[in-house]
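# Mind looking at a prediction? Sequence and model below.
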Amino acid sequence: MKIKIVLSIFAIVGLIMFVLGINFAANAISFRAGAIQTEAVITRIDVDRSFDETKHTVFVAFSVDDERYEGRLGHWSSGMREGQRVNIYYNPANPRQFRHGSDIWVTLMVVVMGFTFFLVGVIPLFKMSRRKKQAKELMAKGRRVMADIKDVVKGNLRIKRSFTYHVLCSWKDEKSIFHLFKSDMLMGYPVLDDCKQVAVYLDPNDYTKYHVDLSNISIRMTGPTNETVPAFKIRIR
């Protein structure tokens, strides 16, 4: 499924960012522990404009024991100007090794972003796996009822130009109580045509546990071609 691929990419990219961020943060903290803080002056800012991005390279100069050192800072922000003073940390054993004062915060931001991306990918994948297992059990042992299709609503997730959708349906039990069901996420708009009902498999002891069977429903992928493809099907392995 397309959604699984996208979520897996989120999880993998997030994990890589998290691991690299932890490594960079540990390195920055270790460097900072033995470094000395001082002020440096921005001597120049080189701007390299390419077709799709603009790169800024900042050079600074500072003095240690009356000896001047100059080099690339490795950090740029929009407020930086030539002649401006910035905080740096340098290695007392080799002052040519220096870093900007915000390097730890930058690496920690990478850690947080990586962890967030990882969760964004892993949590839905875990839920989808659990839902698939539950659907398999319900289709094998649950109660099958026919529910009336009520509406199609957009989901919270959008990938590129494709929206996600859910089918809403309802069923009235023997006590004339209506139960509302929401299908799993679809990567496109369901083509219902004249379809008025769908099968729903229920846990006989708990109607909040259910599976809406859309295996016979097609979905129209949003995009230039409006291609119609089979809807998501639970594969029983």
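That came through fine. Residues are numbered from 1 along each chain as shown.
# Please verify my assumption that L7 contacts G121.
Yes. Using Cβ atoms under 8 Å, L7 is in contact with G121, at 4.6 Å. Where you see a C-beta, it was placed from the backbone N, CA and C, and this is true even at glycine.
# can you pull the contacts of L7?
V120, G121, V122, P124, L125, M128 (Cβ atoms under 8 Å, 6 or more residues apart in numbering).
# please redo it, this time with the cut-off set to 7 Å
By Cβ atoms under 7 Å, 6 or more residues apart in numbering, the contact list for L7 reads G121, P124, L125.
# Compare those and tell me which is most surrounded.
Counting neighbours by other Cβ atoms under 10 Å, G121 leads those with 21 neighbours.
# Do I have it right that that residue meets I16?
No. Between G121 and I16 there is no contact under Cβ atoms under 7 Å: 11.6 Å.
# just to revisit the earlier point, out of the contacts of L7, which are inside helices?
Judged by DSSP state H, those include G121, P124, L125 as members of helices.
# Helix or strand: which one has Y90?
Assessed by DSSP states H and E, Y90 sits inside strand 85-91.
# Pick the one among the ones in helices among the contacts of L7 closest to I104.
G121 (26.4 Å; Cβ to Cβ).
# Take the ones in helices among the contacts of L7 and lay them out in TSV including distance to M139 and pLDDT.
Formatted as TSV, the ones in helices among the contacts of L7 follow (distance: Cβ to Cβ, whole Å; pLDDT from 0 to 100):
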residue	distance to M139	pLDDT
G121	27	89
P124	22	85
L125	21	88
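# Can you check which strand is longest in the chain?
What stands out as the longest strand in the chain, according to DSSP state E, is strand 143-159.
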